[in-house]
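Novice: Sequence below, structure please.
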Amino acid sequence: MMRATLALAATWYVIDQATKWWILNHLMNPPAAIGITPLFNFVLGWNTGVSFGLFGALGVPAWIFAAYAIAISAALLVWLGRANTPSVRVAIGLVVGGALGNATDRLRHGAVPDFLDFHLGDWHWPAFNMADVGIVCGTSLLMMHFVGHRSSADTASARQIR
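Specialist: This next block holds a predicted model:
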């Protein structure tokens, strides 16, 4: 089962890196806002912070955020060795693939390229990328698991990691 989760993490990493490559080298060369539907655009933004650009203005070096993502991924892989629920394994795979994708960008570019822009009129959700999709979906799966299985072995193993 660990191999399947690692394959999912690797697949999500490749999806993330491939979409970023396509956006940076083809679609947004030169950068522009491309309207796809009345609610969705492709844009190019660079996130130097963490979620929603938090801490970006503080001037924290990109390698620190990358190291943090790598450390979180390592802790999740330790947890994976103890996880016995398919939803937890899928969640860990998605989060690890996304976290390592964004860490790669921080080390390569000094920031993370974001390009998916959902909006309603003039109100725009912060732009994001496929790594972010994996991280959000994975953490959502984990939250649903823990709400539904408060006394499961996975919950106990998560406590042991702390």
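Novice: and after the helix ranked longest in the chain, which helix or strand comes next?
Specialist: If you go by DSSP state H, the chain has its longest helix at helix 86-109. Going down the chain from helix 86-109, the next helix or strand is strand 112-120, by DSSP states H and E.
Novice: which residues are contacting that next one?
Specialist: 19-20, 23-24, 27-28, 33, 39-47, 102, 105-106, 124-133 (Cβ atoms under 8 Å, 6 or more residues apart in numbering). C-beta coordinates here come from the backbone N, C-alpha and C atoms, glycine included.
Novice: Please repeat the previous calculation with a cut-off of 7 Å.
Specialist: Strand 112-120 is contacted by residues 20, 23-24, 28, 39-47, 102, 105-106, 124-125, 127-129 when judged by Cβ atoms under 7 Å, 6 or more residues apart in numbering.
Novice: Stretch 61-79 now?
Specialist: With Cβ under 7 Å, 6+ apart, stretch 61-79 has contacts from 48, 50, 92, 95-96, 99-100, 102-103, 106-107, 110-111, 157-158, 161.
Novice: Name the member of those residues with the most neighbours.
Specialist: Val96 (29 neighbours; other Cβ atoms under 10 Å).
Novice: Next, the buried residues of stretch 7-17.
Specialist: Across stretch 7-17, burial judged by 16 or more other Cβ atoms under 10 Å covers 8-9, 12-13, 15-17.
Novice: These: which two are farthest apart?
Specialist: Leu8 and Gln17 (15.0 Å; Cβ to Cβ).
Novice: per-residue pLDDT, Phe55?
Specialist: pLDDT, Phe55: 63.
Novice: Repeat that for Thr155.
Specialist: The model's pLDDT for Thr155 equals 54.
Novice: same deal with the one 3 residues further on?
Specialist: At Ala158, the predicted lDDT confidence score is 59.
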